[in-house]
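K.L.:
turn this into a structure:
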Amino acid sequence: MKPFVIKDKFIPSGRISFPGDKSIAHRALIISALSSGKTIINNFPVHDDSLATLNVLCALGVKIERGDKRVLVRGAQELKKPSNPVFVNNSGTTLRLILGVLAGMDFKTKVIAGKYLSARPMSRVNKPLRLMGARITARNSRGEEYAPVVISGGNLKGIVYRMPVASAQVKSAILLAGLSALGKTRVIERISTRDHTERMLKAFGADVTVNKNTVTLNPGKCLMSPGMIYIPGDISSAAFFMVLAIIIPGARIVIERVSLNPGRCGIIKVLKRMGAKIKVIPLKSGKAQGFEPTGNLVVTGGKIKATVVNRCEAVSLIDELPVLMVAACFAEGSTIIKGTGELRFKETDRINSMVSNLRSMGADIRSVKLLDSENIVIKGKTSLNGSKLKSFGDHRTAMSMVVAALAAKGSSRLDDISCISKSFPGFLTALKGLS
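P.N.:
Here you go, the predicted model:
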């Protein structure tokens, strides 16, 4: 536990760039390991989650060299049966994607997870992988499955799978398993999720087609490394600084070389609809990063108004919803965020963590449970008050509450800030650079 006191409000100003998008980093490591040739990954984010994927691949026999913001992966290797259970820490993306890879490997592997991830449901990924032919056992509690997971792979068949829950991680696990399957694999989504895996697979030469909400993978083509990849800055990390600039009058922040993937720009669209002053400057993409659009953002402070975030939008900005709740607290009128139930199943119950923290600061926020979903309703006000805050061991809750506290009246105390290292260990340093 590492407490943190936020004493004074300041007017942030300056330029900032971010470590590579962690969603892209996971996929870059995994697909590079499965491809022929060497791949240099630039702007690699060094934090707990990305290192979890790197360490798991090393345990499976992949040769990886790591430098400062740069990783070299030597691909086209046969993955080897690990001598011990592999540990994915608390990285849900690592766990779900690596199960997709292991489903195609002809050996048994036990995958264990950290405390928080071990409480997250795994049936949603285990079920389709079983349909493809993988043999999977997991800890069972009240009809749901959890880590640790034991998987025996090999002899897979392609399937057509209609996603019951919107999840880019589950979709990616199925596609990765499909690389080793007999026959085509097709994933049909009700709501389109982020497409980093599809883009990355295409960049490495896979036969992948996307038609609206349907992704089809034809196996058989050998994956070939493009040689070099640049990972644009993490839009989810940038979101905290976007909101910080927006809710503090007089602030101005320039965010450089951030991901502008259409499936990840939901936070920009919603904030602009609320009246936020955000200028988007697309950058020309070179060959190394051409598969992911990149650009700069200029964000300035000012008044914002309430909005309604529909269910489809909520899926596209699921990781940014906690800090969007903070923004809504400073907006004029009542904001409604629909379809937030998936937040109950993140590193912590993020509906509970955000509602309880923001209420302690004086926010008018409540959750409304529906038959098949859950909405968040926030009545905005001019300011919040400093308070005793809890991270709940969740990195996004912790960073969101630091942003709220910096714009609040009076000082606040956050019980633990160490969990931020999961995705953004340089968060506090970046903040200081804007003071």
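K.L.:
and Arg194, what does it touch?
P.N.:
Counting by CB atoms under 8 Å, 6 or more residues apart in numbering, Arg194 makes contact with Ser23, Ala168, Asn261, Gly263, Arg264, Ser316. The way it works is simple: take the backbone N, C-alpha and C, and place the C-beta from them, glycine included.
K.L.:
switch to 6 Å and redo it
P.N.:
Ala168, Gly263, Arg264 (CB atoms under 6 Å, 6 or more residues apart in numbering).
K.L.:
helix, strand, or coil at it?
P.N.:
Of the three states, Arg194 takes coil according to DSSP: H, G, I helix; E, B strand; the rest coil.
K.L.:
the domain parsing of this protein - what is it?
P.N.:
Taking automatic domain parsing as the criterion, the chain consists of the domains 4-19+232-432, 22-230.
K.L.:
just how off-centre is the shortest one within its chain?
P.N.:
Pointing back at domain 22-230 there. 14 Å (CA atoms, centre = their mean, to the nearest Å).
K.L.:
quick one on the thing from earlier: let's have the domains of the chain in a markdown table, adding mean pLDDT.
P.N.:
Rendered in a markdown table, the data for the domains of the chain read as follows (pLDDT from 0 to 100):
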| stretch | mean pLDDT |
| --- | --- |
| domain 4-19+232-432 | 93 |
| domain 22-230 | 95 |
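K.L.:
most neighbours out of the contacts of Arg194, which is it?
P.N.:
Compared across these, Arg264 has the highest neighbour count, 27 neighbours, by other CB atoms under 10 Å.
K.L.:
show me where this structure has helices.
P.N.:
In the chain, the segments counted as helices under DSSP state H are 22-33, 48-59, 92-102, 123-132, 168-178, 196-203, 235-247, 266-273, 311-316, 321-329, 350-360, 395-406, 427-432.
K.L.:
list of residues touching the last one?
P.N.:
Judged by CB under 6 Å, 6+ apart, the contacts made with helix 427-432 from elsewhere in the structure are Ile16, Met399, Ile420.
K.L.:
most surrounded residue in those?
P.N.:
For the contacts of helix 427-432, neighbours were counted by other CB under 10 Å; the highest total belongs to Met399, with 29 neighbours.
K.L.:
Thr94 is in contact with Ala52, correct?
P.N.:
Yes. With contacts defined as CB atoms under 6 Å, Ala52 counts as touching Thr94 at a distance of 4.5 Å.
K.L.:
name the residues contacting each of these two.
P.N.:
The overlap between the contact sets of Ala52 and Thr94 (CB under 6 Å, 6+ apart) consists of Val88.
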